[in-house]
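Engineer: heads up, no residue letters with this:
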């Protein structure tokens, strides 16, 4: 049973539903497995918890 982990910024429940639906469908097709065999775990990560290039994302002027 594949487990797919997604680290993401804050998402709405609607966005999570769509993400899980699409990733499950595509993964199922590629891996030739039934959709009910795919597990997806979404972890929301705040910008203050991510460093890139020596800076926190929340401190970067993007």
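Structural biologist: Everything's here; your move. From a predicted model like this one, the values you see are computed outputs, not experimental measurements.
Engineer: now the closest residue to residue 37 other than its chain neighbours: how far from residue 39?
Structural biologist: Take residue 37 and drop its neighbours on the chain: the residue closest to it by Cβ to Cβ, 6 or more residues apart in numbering is residue 1, 5.3 Å away. Where you see a C-beta, it was placed from the backbone N, CA and C, and this is true even at glycine. Remark: distance between residue 1 and residue 39 (Cβ to Cβ, to the nearest Å) = 6 Å.
Engineer: these two - which one has more neighbours?
Structural biologist: Legend: neighbour count by other Cβ atoms under 10 Å for residue 1 and residue 39, higher for residue 39 (13 against 7).
Engineer: list the contacts of that one.
Structural biologist: Contact analysis of residue 39 by Cβ atoms under 8 Å, 6 or more residues apart in numbering lists 1-4.
Engineer: please flag which of those sit within strands.
Structural biologist: Using DSSP state E, the subset of these located in strands is 3-4.
Engineer: ok, the contacts of residue 39 vs residue 19, which is closest?
Structural biologist: Closest approach to residue 19 among the contacts of residue 39 (Cβ to Cβ): residue 4, at 10.3 Å.
Engineer: returning to what we had before: can you pull the contacts of the residue nearest to residue 37?
Structural biologist: 37-39.
Engineer: now with 10 Å?
Structural biologist: Taking Cβ atoms under 10 Å, 6 or more residues apart in numbering, we find residue 1 in contact with 33, 36-39.
Engineer: now the closest residue to residue 16 other than its chain neighbours: how far from residue 9?
Structural biologist: Closest residue to residue 16 apart from its sequence neighbours, by Cβ to Cβ, 6+ apart: residue 42 at 5.8 Å. Counting by Cβ to Cβ, the separation of residue 42 from residue 9 is 11 Å.
Engineer: over to residue 19?
Structural biologist: For residue 19 relative to residue 9 (Cβ to Cβ), the value is 12 Å.
Engineer: please apply the same query to residue 1.
Structural biologist: 27 Å.
Engineer: with residue 30 instead?
Structural biologist: Distance, residue 30 to residue 9, by Cβ to Cβ: 25 Å.
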